[in-house]
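Colleague: can you look at this prediction? I've put the sequence above it.
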Amino acid sequence: ANGDHTQRFERLGVLYGAKSDPGVEVVIAQRPEIVSSFVPTAAEREVGSGLWNPEETSLAELVPTASSLALHDLVHFEGLPAMMVQLTSFACGGLAISIKLAHPLADAQSLMGFAHNWAAINRALITNEPLPSLCPIFEPEQLDRAASGNIDASNPDPKLIEAARNLPLHRYDCWASLDGSPSFMAQLTKIPSELDSNTIILGKSLSWSEWDLTAPVSHYLVSFTVDEIKNMWEDASSNSEIRISRLDALLAHIWMLIIRARELSHDQQPIYLDVTLGLRSRLDPPLSENFVGSPIILGNVSTIGIQSIGKMALSIRSTLSKFNSSSIGPMLHELAFELSPNRLWNAFLGRRNTIVTSWLHLKTYEVDFGIGVPRFVNALMPSVDGCVHLLENGNTKGAEKINRHLINVILLGLAFMLLYTAFHATTMLAQSVFEGIKNETINGTNFEGGGYISLGIASACMAIANIFAPVIISILGPSISMFMGGTTFLLYVLSFLFPMIWSFYLVSILLGIGAAILWTAQGTYLALYSNEMTVSRNAGIFWALLQIGYLPGNLFVYLSINTETITRSTRYPLFAVFSIVCAVGLAFFALIIWRTFIERRQSNSQLSNKEEKITMANIAETLKIAVRLFKTRNMLLLLISFAYTDDSLIFTGTRKRLIGLHGVLLGVGEILGGGLFGFITKPKTSSQRGLIIFIGFVLQIVFYYSVFINFPFDSPAKETNSKPYFEFDSLISQVIAFVGSFLVGLGDSSLNIQVPFIRIVCFL
């Protein structure tokens, strides 16, 4: 046909928005059973051999069957829905939700994306929260743009066709497969009347003789433990120079068992494993995870008989690695020019074929409609010989995963606690130290540095660096970025041992840049190990540990400084101790890097074969997102809160020795407030969080009023003997100052618990 590639023969087109659209078919049903008697838990399914037969229950009755989906047979679609949903309630109040989508329109990732979005809306309605912003992307042309060459040209590019044919793909031709085909396939094996059959070159026919459609088939769930998969992986990768993933080893193990069961262990003819591959992450630039469609292909792995698990896993890895951005472009070019895409099959069933599809990493057991996580999730596949489906087995290992995530959050909090123990005490003493060394000669010059100027420089650099911090984190990852940012804090503390004007202000610039990287990476890292159910808990734990950092350093200052002047003899041991504490904090960041490396290695496709590459396009897109986010109304309003919570404590202080006690009381207020506003009250709705922020605002106003009446006007800028607004007795003045320190910590904690929650949600 004339026109572009979308108007060629038998290309799928979607029209929607008309009143005559079939819409989504919804079925409401009831069951007399209770859920626990209908579907066992993950632990119950693993009892004994770890085998469970879903056919023992009536799972098929939970799926709508009143009508067929559009294109269920790749032919009929008129008047048929593209999606069907069934809601089945049980006697105990439990609920089963089943979703069917036309596969040409959506793959498993699109289906689960819909489920997660639906659940998020439902949770918001239950908790009276604002509806979430959903961002599904239905733009098929994004995939088309990944094709090499000009797919709208009159003829394909021969070189690209040749490159595409080098990919390990089956290209079975339905039009050449009439002989021996079952009756339900007869329509697909016929060449459409619109085409001239005399001009068509037929391809390889389907081997119907290898597939016994009359043989009985059962559907079983087989559970593998973490240790079992680990043993497979260690066995498969022991003699391999190429990195073998846990998924490779698991697939090799399953494939070997199937070959043995089919009595093909010593057969000399090829045996095939057809693995479903998602294209989203394999393109350059990659498609978004929110891309709606069915961008999948089936790669063909072959073997002769049973080899060792290492050789079979290596064969799987070598085959799948051929599908990359360089090879997929020509493949899409070939598909764009295919006379009729429906005629080509990349896989088959039967004695010599096994098809594998995976739902791993789709967070199937994290779909929460506001009534808890699912008891059981399954893809109801047709029972056919040789169809293998991989998915998580439920939440039996959830506790292990949660504990691992919790440990990471605690390590993060400890690293920040140690880093800020030294940093808080250093900033509290900065101006006092500089005033004590103004008359000290360093390399023949007088030191005229200022603590307030230093922090002002750091804050300005932090504001600018925040724009570029996401790019650095996208390249290095959050754990390495935090270590790099934390190093600038150590340099800042070390600069107080031998202060020189040029080095001190240079370190202040580095501190601002490092702080931007550190805190942006912290938000990313905390989001990675949190979900919507644990984010409040994790944020509370992190801030409680961080706020403990106010106590040790400031208590040390209070107990060790007994004079009005911080001399060189006092400064050296003081900042040597602070430097050691900072270095220990960096050691915790190094431990986080090591744990990240180990976890990535273990999951390196433990169950994923994604290989993410950072390109200039990714970096540019990250910057664009940061700029777009910065210009939104909500973010502009939040910037005021962010700036206030980050900088409100910089210019508070008292006399030399009392600085430490001020910091201790501030820390006590922070810790008590963290427990009160983060754990005891447990705010869930926006109105509850707003109330806590308002309480913090009132407490901070009280603090600043106490400063206004109790301190001279020029006290923040220099030492002064001026009189305050009200002249109190010395003891009363100190009590007011200490109570104010406690209140500002209490109020600050209420803001720090809630405002970072907003930050973390942005990363989620």
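Modeller: Received the coordinates, thanks.

Colleague: list the buried residues of the longest helix seen in the chain.
Modeller: Under DSSP state H, the helix in the chain containing the largest number of residues is helix 398-436. For helix 398-436, the neighbour count (16 or more other CB atoms under 10 Å) marks 405, 408-409, 411-436 as buried. Backbone N, C-alpha and C define where each C-beta goes, glycine included.

Colleague: try stretch 371-391
Modeller: 373-378, 385-391.

Colleague: okay, who's weakest in those residues by pLDDT?
Modeller: Note: of the buried residues of stretch 371-391, the lowest pLDDT belongs to residue 373, at 83.

Colleague: now do the contacts for residue 251.
Modeller: 273, 275, 313, 316, 356 (CB atoms under 8 Å, 6 or more residues apart in numbering).

Colleague: next, give me the two most distant ones among the residues you listed.
Modeller: Spatial extent of the contacts of residue 251 (CB to CB) is set by the pair 313 and 356 at 13.4 Å.

Colleague: look at the two and report which has more neighbours.
Modeller: residue 313 (30 against 24; other CB atoms under 10 Å).

Colleague: OK, contacts around the more buried one?
Modeller: 236-237, 240, 244, 248-249, 251-252.

Colleague: so of those residues, which ones are in helices?
Modeller: Those of the contacts of residue 313 lying in helices (DSSP H): 236-237, 248-249, 251-252.

Colleague: ok, which pair from the contacts of residue 313 is furthest apart?
Modeller: Every pair of these checked by CB to CB; the farthest is 240 and 251, at 14.7 Å.

Colleague: residue 466 touches residue 515, doesn't it?
Modeller: No: when contacts are counted by CB atoms under 8 Å, residue 466 is not listed as touching residue 515 (9.1 Å).

Colleague: where do the helices sit along the stretch 51-200 of the chain?
Modeller: For the stretch 51-200 of the chain, the helices defined by DSSP state H, counting those that start in this stretch occupy 108-127, 141-144, 158-165.

Colleague: most tightly surrounded among those?
Modeller: helix 108-127 (a mean of 17; mean count of other CB atoms under 10 Å).

Colleague: what's the closest non-adjacent residue to the residue positioned nearest the centre of the chain?
Modeller: Against the mean C-alpha coordinate of the chain, by CA atoms, centre = their mean, the closest residue is residue 528 at 5.0 Å. Among residues not flanking residue 528 along the chain, residue 478 sits closest, at 6.9 Å (CB to CB, 6 or more residues apart in numbering).

Colleague: and if you look at residue 510?
Modeller: residue 488 (4.6 Å).

Colleague: is the one you found within a helix or a strand, and which one?
Modeller: helix 478-494 (DSSP states H and E).

Colleague: could you give the average pLDDT over whichever helix or strand comes after that helix?
Modeller: Later in the chain than helix 478-494, the nearest helix or strand by DSSP H and E is helix 501-528. In this model, helix 501-528 has a mean pLDDT of 86.

Colleague: confidence score at the nearest residue to residue 259 once chain neighbours are set aside?
Modeller: Nearest non-adjacent residue to residue 259, counting by CB to CB, 6+ apart: residue 306, 5.3 Å away. pLDDT, residue 306: 90.

Colleague: now do residue 536
Modeller: For residue 536, pLDDT reads 66.

Colleague: return the residues in contact with the residue nearest to residue 528.
Modeller: So, once contact is read as CB under 8 Å, 6+ apart, residue 478 ends up touching 521-522, 524-525, 528.

Colleague: rerun that using 7 Å as the cut-off
Modeller: 521, 524-525, 528 (CB atoms under 7 Å, 6 or more residues apart in numbering).

Colleague: what about it, distance to residue 414?
Modeller: 16 Å (CB to CB, to the nearest Å).

Colleague: how much space between residue 188 and residue 173?
Modeller: 11 Å.

Colleague: wait, residue 362 sits on residue 109?
Modeller: Yes: using CB atoms under 7 Å as the test, residue 362 is close enough to residue 109 to be in contact (6.2 Å).

Colleague: grab the nearest non-local neighbour of residue 485.
Modeller: Once chain neighbours are set aside, the closest to residue 485 by CB to CB, 6+ apart is residue 518, at 3.0 Å.

Colleague: and for that neighbour, the neighbour number?
Modeller: 26.

Colleague: repeat for residue 510
Modeller: Quick note: residue 510 (other CB under 10 Å) scores 20 neighbours.

Colleague: for the stretch 501-650 of the chain, what spans make up the helices?
Modeller: According to DSSP H, counting those that start in this stretch, the helices that the stretch 501-650 of the chain contains are 501-528, 535-548, 550-560, 568-603, 616-630, 633-647.

Colleague: next, give phi and psi for residue 286.
Modeller: phi -70, psi 150 (degrees, to the nearest 10).

Colleague: surely it meets residue 280?
Modeller: Yes: between residue 286 and residue 280 there is a contact at 5.9 Å, judged by CB under 7 Å.

Colleague: quick check: domain ranges of this structure?
Modeller: 5-105, 143-211+224-367+386-396, 399-763 (automatic domain parsing).

Colleague: now render these as TSV, adding distance to residue 119.
Modeller: Compiled in TSV, the domains of the chain are given as follows (distance: least, CB to CB, whole Å):
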stretch	distance to residue 119
domain 5-105	9
domain 143-211+224-367+386-396	5
domain 399-763	10
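
Colleague: so which of the ones you listed comes closest to residue 120?
Modeller: domain 399-763 (8.1 Å).

Colleague: thinking again about what came up before, relative to residue 343, which of the ones in helices among the contacts of residue 313 is nearest.
Modeller: residue 251 (28.4 Å).

Colleague: tell me how far the residue nearest to residue 485 lies from residue 589.
Modeller: 9 Å.

Colleague: what do the two both touch?
Modeller: With CB under 7 Å, 6+ apart, residue 518 and residue 589 have common neighbours 482, 486.

Colleague: can you give me the neighbour number for residue 270?
Modeller: Residue 270: 11 neighbours (other CB under 10 Å).

Colleague: not counting sequence-adjacent ones, nearest residue to it?
Modeller: Leaving aside its sequence neighbours, residue 270 sits nearest to residue 302 (CB to CB, 6+ apart; 4.8 Å).
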